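Novice: Generate coordinates for the sequence data below:
(one chain, ligands or ions: 1)
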Amino acid sequence: MAPGQASVNYMGVVVMGYSLCVPSRAGDELAQEKLTQYRAMRDFDVTAEPAGGSPAAGGGHFVVQRHRARRLHYDFRLEVDGVLASWAVPRGPSLDPAARQLAVHVEDHPLEYAGFEGVIPRGQYGGGDVIVWDRGTWTPAHTDDPAAAIAAGELHFDLVGEKLAGRFALIRRNRKDSSKEQWLLVHKNDEHARHGWSADDHPRSVLSGRTNDEVAAAPDALWQSGVPAAEAEVRLGRGGSWEPPTDDELAALDAMRRNGPWTVAGHDVKLTNLDKVLFPGRYGEPPVTKREIVRHYATIAPLLLPYLAGRPVNLHRYPDGVERPGFWQQELPAGAPEWVTRWHDPEAGPDDADCRVVADSVPTLAWLANLGAVELHPWTGRLPEARRPTWALIDIDPGTRTSFDEILVLARLFRTALQHLGVEGGPKVTGQRGVQIWVPVRAGYTYADTRGWVEKVSRAVGATVPELVSWEWTKDRRGGRARLDYTQNIVYKTLVAPWSVRPRAGAPVSVPITWDELDDPDLAADRWTVRDVPARVREAGDPLAPLIGRTQELPAL
Ligand SMILES: [Mn+2]
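Specialist: So this is what the prediction gives:
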């Protein structure tokens, strides 16, 4: 696809293709809201932000993004009147005054896109990888009205970038087909000119020092084409700070009345009913309030967020406490603050959630806790490949008659099996009755791959203790025996995150443990609660953390 065609498609996507991140609602109200939002978003995309910090009159920032879509090209973008006027330059800008580079004028891009480096999912407009190849400031020459100069087909300007510098001109060559305006980008023969200079000889990002290949292999961000610019970028790593709340912030939480805004990590999180009891106490301890759950999720953030960031998360909500029925929520909850990272699922079917939460900051965890999202279940797939697992999950699911000692027998057999296979994985107690083993895998496996592999290991383990294990699908036919549930390895199925709270008396937590701890006579699946997890973390940290992101090949079985 030529870049010129892309502009038409892009406009098509922008105008026609908004997937709205609003909770579904019936009938006219929704249609009306969509229309209003559509207008608002469309405006947002193409109109100016309050102009601030633009340097010279008529000038501003510029960026060149090296973009490998169907074809490699360089997107040359100048900030003009609050948008990025853009040209796609197949061979890249050059400092060589002899080079006359074709530059196809494409539609304006939103300013939010200027700092984007990462991947655009396959199948979306511009699908591929993007690096910030150069950036800096620009100043128009011979005009103080660059928009008019662009409309007239000739713009001269000076760049101060990290790679590009000096006087350039953009000159329109034809206007036969306005959707594919062809321009030339040339460099004047000034003191910045370099004969024989080619963009392809300078392939690295000025942001990260990485090449397109390196960014494609481990992107930090995802751009969702066709959604409003303010929501389009999903940070795959650290969206915000992962630091725990400061002592002052925690003191403010403790001192807050029932309701109020809690300022944490630079955002105001609206908290309500903080003294509401969500969990009965256990062993005669006082019940657990929502305030304690907010505190748990905020303080455990540095250990929890590495399992959540860059992934959609399914929410198990108990807004009226865990003694009342809870419900699963996959769609972004209503009233989500604008700073919550959200992912528009381009493959969502008619019954699937269209827009999902990506929990990647302390304020987002506090907001979810306030909603009574007691349990957090992240997808095993990580964006942009949300439907490709990064963990193979072994779930030792107790039956009604399974003792914890029997669970430990099974867990130790898995320990032996994984050691024998040379595969790294780590156990965690579920906070209820079971044990899970998380095995990191390299990119590229399908769920069928991980499910098949876990099934083979599980059947081998189960064959050594057939009296403990049932392979029946339905619970009532298992005779109370444990199930080694390899079927958790499938899209949309999730296991509870390490460090998530469980909906039981006392607010127990799913805690990663070392293999040796399977032999600790004091171990119990619900040994730790939100109240003693801080001491546990100080003592043992997170034994599973070293395996996060490990690219492990599963041996053929
Ligand atoms: Mn492009």
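Novice: Could you tell me which residues of the protein lie near the ion?
Specialist: Taking Cβ under 5 Å from the ion, the part of the chain that reaches the ion is made up of 67, 75. (Each C-beta comes from the backbone N, C-alpha and C, glycine too.)
Novice: Any stretches of the chain with poor pLDDT?
Specialist: 1-57, 175-179, 238-241 (pLDDT under 70).
Novice: Let me see the domain layout of it.
Specialist: Split into domains by automatic domain parsing, the chain comes to 3-47+57-235, 247-378, 388-547.
Novice: Any chance of JSON lines for those domains, columns mean neighbour count?
Specialist: Output for the domains of the chain, formatted as JSON lines (neighbours: other Cβ atoms under 10 Å):
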{"stretch": "domain 3-47+57-235", "mean neighbour count": "18"}
{"stretch": "domain 247-378", "mean neighbour count": "19"}
{"stretch": "domain 388-547", "mean neighbour count": "18"}
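Novice: is the closest residue to F327 other than its chain neighbours in a bridge, and if so with what?
Specialist: Among residues not flanking F327 along the chain, R317 sits closest, at 5.7 Å (Cβ to Cβ, 6 or more residues apart in numbering). Beta-bridge partners recorded for R317 (DSSP bridges): F327, A373.
Novice: Quick check: R317 touching A369?
Specialist: No: in this structure R317 lies outside contact range of A369 using Cβ atoms under 8 Å: 10.4 Å.
Novice: Contacts for stretch 183-195, please.
Specialist: 76, 87, 89, 93-105, 153, 165-173 (Cβ atoms under 8 Å, 6 or more residues apart in numbering).
Novice: then that stretch to CSV, C-alphas only?
Specialist: Taking C-alpha atoms only, stretch 183-195 is exported to CSV below (Å, rounded to 0.1, in the frame of the first residue of the first chain):
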residue,chain,number,x,y,z
TRP,A,183,5.8,16.6,-2.7
LEU,A,184,9.6,16.8,-2.7
LEU,A,185,11.6,17.2,0.4
VAL,A,186,15.0,18.8,-0.2
HIS,A,187,17.8,20.1,1.9
LYS,A,188,19.5,23.4,1.0
ASN,A,189,23.2,23.5,0.4
ASP,A,190,24.0,25.1,3.8
GLU,A,191,26.6,24.4,6.5
HIS,A,192,24.5,21.4,7.7
ALA,A,193,24.4,19.7,4.3
ARG,A,194,26.2,16.3,4.0
HIS,A,195,26.8,14.8,0.6
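Novice: Which residue ranges of the protein form helices?
Specialist: With DSSP state H as the definition, the chain shows helices at residue ranges 3-16, 27-46, 146-152, 212-217, 229-232, 247-255, 290-299, 301-308, 362-370, 404-421, 447-464, 533-540.
Novice: Reformat these as a markdown table; add distance to A199.
Specialist: Shown next, in a markdown table, are the helices of the chain (distance: least, Cβ to Cβ, whole Å):
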| stretch | distance to A199 |
| --- | --- |
| helix 3-16 | 15 |
| helix 27-46 | 28 |
| helix 146-152 | 22 |
| helix 212-217 | 12 |
| helix 229-232 | 26 |
| helix 247-255 | 46 |
| helix 290-299 | 46 |
| helix 301-308 | 36 |
| helix 362-370 | 39 |
| helix 404-421 | 47 |
| helix 447-464 | 39 |
| helix 533-540 | 49 |
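Novice: re the thing from before, dump the domains of the chain into CSV; add distance to P555 as well.
Specialist: Shown next, in CSV, are the domains of the chain (distance: least, Cβ to Cβ, whole Å):
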stretch, distance to P555
domain 3-47+57-235, 23
domain 247-378, 25
domain 388-547, 5
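Novice: quick one: which of the ones you listed is nearest A556?
Specialist: Nearest to A556, of all the domains of the chain, is domain 388-547, at 8.8 Å by Cβ to Cβ.
Novice: gap between the two ends of the closest one?
Specialist: 17 Å (Cα to Cα, to the nearest Å).
Novice: do stretch 105-121 as well
Specialist: With Cα to Cα, one end of stretch 105-121 sits 23 Å from the other.
Novice: Also stretch 203-213?
Specialist: End-to-end distance (Cα to Cα), stretch 203-213: 10 Å.
Novice: Quick one: residues in contact with that stretch.
Specialist: 66, 68, 115, 117, 129-135, 161-163, 215, 220.
Novice: Tell me the one of those residues nearest the ion?
Specialist: Closest to the ion out of those is V130 (7.4 Å), distances taken as Cβ to the ion.
Novice: Am I right that the closest one is in contact with P121?
Specialist: No: contact criterion Cβ under 8 Å: V130 and P121 do not qualify, at 11.9 Å.
Novice: about what we covered before: anything in contact with each of R317 and A369?
Specialist: With Cβ under 8 Å, 6+ apart as the test, R317 and A369 reach no residue in common.
Novice: wait, what's in contact with the residue of the chain found nearest the ion?
Specialist: Going by Cβ to the ion, the ion is nearest to H67 of the chain, at 3.8 Å. Shown in contact with H67 (Cβ under 8 Å, 6+ apart): 73-75, 88, 126, 128-130.
Novice: ok, now L376?
Specialist: 304, 308, 313-316, 359, 368, 496-497, 500.
Novice: 7 Å instead, please
Specialist: 308, 313, 315, 359, 497, 500 (Cβ atoms under 7 Å, 6 or more residues apart in numbering).
Novice: what separates it from Q330, distance-wise?
Specialist: Applying Cβ to Cβ, to the nearest Å, the value for L376 to Q330 is 12 Å.
Novice: and what of Q101?
Specialist: In terms of Cβ to Cβ, Q101 sits 47 Å off from Q330.
Novice: Check whether R433 really touches R527, as I assumed.
Specialist: No: with contact defined as Cβ atoms under 7 Å, R433 does not count as touching R527 (11.7 Å).
Novice: now the strands: where do they sit in the stretch 251-400 of the chain?
Specialist: Secondary structure of the stretch 251-400 of the chain by DSSP state E, counting those that start in this stretch: the strands cover 260-264, 267-271, 277-279, 288-289, 313-317, 327-329, 342-344, 355-357, 373-378, 381-382, 385-389, 391-397.
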